[in-house]
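Colleague: give me the fold of what follows.
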Amino acid sequence: DALRWYMLTNAQPWDNLKFDEAGVEEVRRKFFGTLYNCYSVFALYANVDGFDPASKAPAGKPLFDSWLESRLNTLTRDVRAAYEDYDITLAGRLIQDFVCDDLSNWYIRLNKKRLWGSGMNADKLSAYHTLYSALKSISLLGAPIAPFFMERLWKDLGGSDSVHYRSMPAYDSSKVDEALEQSMAFAQKASSMVLALRKKVGINVRKPLAKVLVPVLSDDVKDHIAKIKDIFLTEVNVKELEFLHDTTGIITKRIKPNFRTLGKKYGSSMKSIAAAFAQMDQPVISAIQAAGTYTFEVAGTQVTLEPEDYEIASEDMPGWLVATEGSLTLALDIVQTPELVLEGTARELIHPIQNLRKESGFDVTDRIRTCIFADGQAYGQIEASLAVHSNYVASQTLSTSLELKAAQEAPDGAARVEWESGYIQITVNKTN
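Modeller: From the prediction side, this is the model:
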């Protein structure tokens, strides 16, 4: 199946393909491995909670579930159309992008916490039904290209007969919300921009930041971001989002012409057009960015700018980093207050404790006793953080007790964890 998927999605069947065994391995790992991990997350928690696919889904879906249902129906429409057009390459690419980007990297990663904790509630039940429906649809849509893997997935999801005896899932236009899909696309785009800014200055996403500023270039941009504000802030770990209606004196933008595209259209007028670009002030640059298509006159020549005809960049401000992509500009406050540092330290502790839980083979519902061993500056950082955030760390790691001790008290079996320029040690033990 990995070989078949690689060959059919890399190039159209009638085109030449330079075979690469590493490409097959990449498909096995990135697509089939990702899809298997999606199923594993669902099965792990669904089995713990005794989820019954025949149960009635709760009314009033959360925003994330409505979005995935909409994306799934959009995918179903597009994949069915591709198959009808004998375009297997496009169908496979659409399925792969949905699984890797929408289902795994966005929906499951940001919603896994909804599945934690004991007992079933309406929110958790809605997440289970949404995931179950998505996985079943993927097994049906992908069956013509990966017949064996999708058959196994279908059976593992409880299918009584073969996936190949079933019809393709039906497209339901009533469940498609294009505005919500556009809003979530804005969230994904904005998140990528903020995470890139964090990477630029070496502030990982576990360290909270205070604020992100978003200049309002149009009501559409504001409406999209406002709808997914909480999702966006959670993903990038920033406390507050503020819309700016006037960026004068706050964000400085620069615009450069794309000589390659403009030169083809205006040829001999390019010298005058380049001079006009150099004279553009901040209000004009903002108007061009907001408009998408912008028209102005240079030496008697009517010039129409398309988005590919220019590049807009923003200058960083003291204490802020600025990013621009298309019609979206963001400014990130990178100053870390003492309160934010304490919270960041707590989040940094959670990650290795969770890894140790997994490495120790504990069930997701097992309660543990956690002990951290440190000295010097690390001891002081962790002590100050736990004085404020110990309950948060304990709840996130299911720790019934959480202790901090001197490094010399660490037992031989304590796990060594990198911590800034040194290391700390941690032990986790399951409670009876």
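Colleague: tell me the mean pLDDT over stretch 184-191?
Modeller: Average pLDDT, stretch 184-191: 90.
Colleague: put the alpha carbons of it into PDB.
Modeller: Provided in PDB are the C-alpha atoms of stretch 184-191 (Å, rounded to 0.1, in the frame of the first residue of the first chain):
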ATOM      1  CA  MET A 184      -9.700  28.200  10.900                       C
ATOM      2  CA  ALA A 185      -7.400  28.600   7.900                       C
ATOM      3  CA  PHE A 186      -6.600  32.100   9.300                       C
ATOM      4  CA  ALA A 187      -5.900  30.500  12.700                       C
ATOM      5  CA  GLN A 188      -3.500  28.000  11.200                       C
ATOM      6  CA  LYS A 189      -1.800  30.700   9.200                       C
ATOM      7  CA  ALA A 190      -1.500  33.100  12.100                       C
ATOM      8  CA  SER A 191      -0.300  30.300  14.400                       C
END
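Colleague: list the buried residues of it.
Modeller: Residues 184, 186-191 are the ones in stretch 184-191 that count as buried (16 or more other CB atoms under 10 Å). The way it works is simple: take the backbone N, C-alpha and C, and place the C-beta from them, glycine included.
Colleague: just give me how far it sits from the chain centre.
Modeller: For stretch 184-191, the separation from the chain centroid amounts to 8 Å (computed by CA atoms, centre = their mean, to the nearest Å).
Colleague: still on that earlier bit, quick one: which of the buried residues of stretch 184-191 sit in helices?
Modeller: If you go by DSSP state H, those have 184, 186-191 in helices.
Colleague: related to what we said a few turns ago, and which of the buried residues of stretch 184-191 is nearest residue 99?
Modeller: Residue 99 lies nearest to residue 188 out of the buried residues of stretch 184-191, by CB to CB, at 15.2 Å.
Colleague: sorry, back to before: could I get the ones in helices among the buried residues of stretch 184-191 as CSV with distance to residue 134?
Modeller: CSV is the format used below for these (distance: CB to CB, whole Å):
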residue, distance to residue 134
184, 15
186, 22
187, 19
188, 17
189, 22
190, 24
191, 21
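Colleague: just give me the closest of these to residue 373.
Modeller: For these, the nearest to residue 373 is residue 191 (35.4 Å; CB to CB).
Colleague: strands along the stretch 251-400 of the chain, start to end?
Modeller: Shown for the stretch 251-400 of the chain, the strands assigned by DSSP state E, counting those that start in this stretch span residues 252-257, 294-298, 301-305, 310-315, 320-325, 328-333, 368-374, 399-406.
Colleague: winner for burial among those strands?
Modeller: Most buried of those by mean neighbour count (mean count of other CB atoms under 10 Å) is strand 328-333; its value is a mean of 23.
Colleague: strand partners of that strand, parallel vs antiparallel please.
Modeller: Next to strand 328-333 in the sheet, as set by DSSP bridges, lie strand 209-215 (antiparallel), strand 320-325 (antiparallel).
Colleague: which of those strands has the lowest average pLDDT?
Modeller: Here the lowest mean pLDDT among the strands paired with strand 328-333 goes to strand 320-325, at a mean of 83.
Colleague: what sits up against that strand?
Modeller: Strand 320-325 is contacted from outside by 189, 193-194, 196-197, 200-201, 213, 251, 253, 289, 312-316, 329-334, using CB atoms under 8 Å, 6 or more residues apart in numbering.
Colleague: looking at the ones in helices among the buried residues of stretch 184-191, which one is closest to residue 101?
Modeller: residue 188 (7.9 Å).
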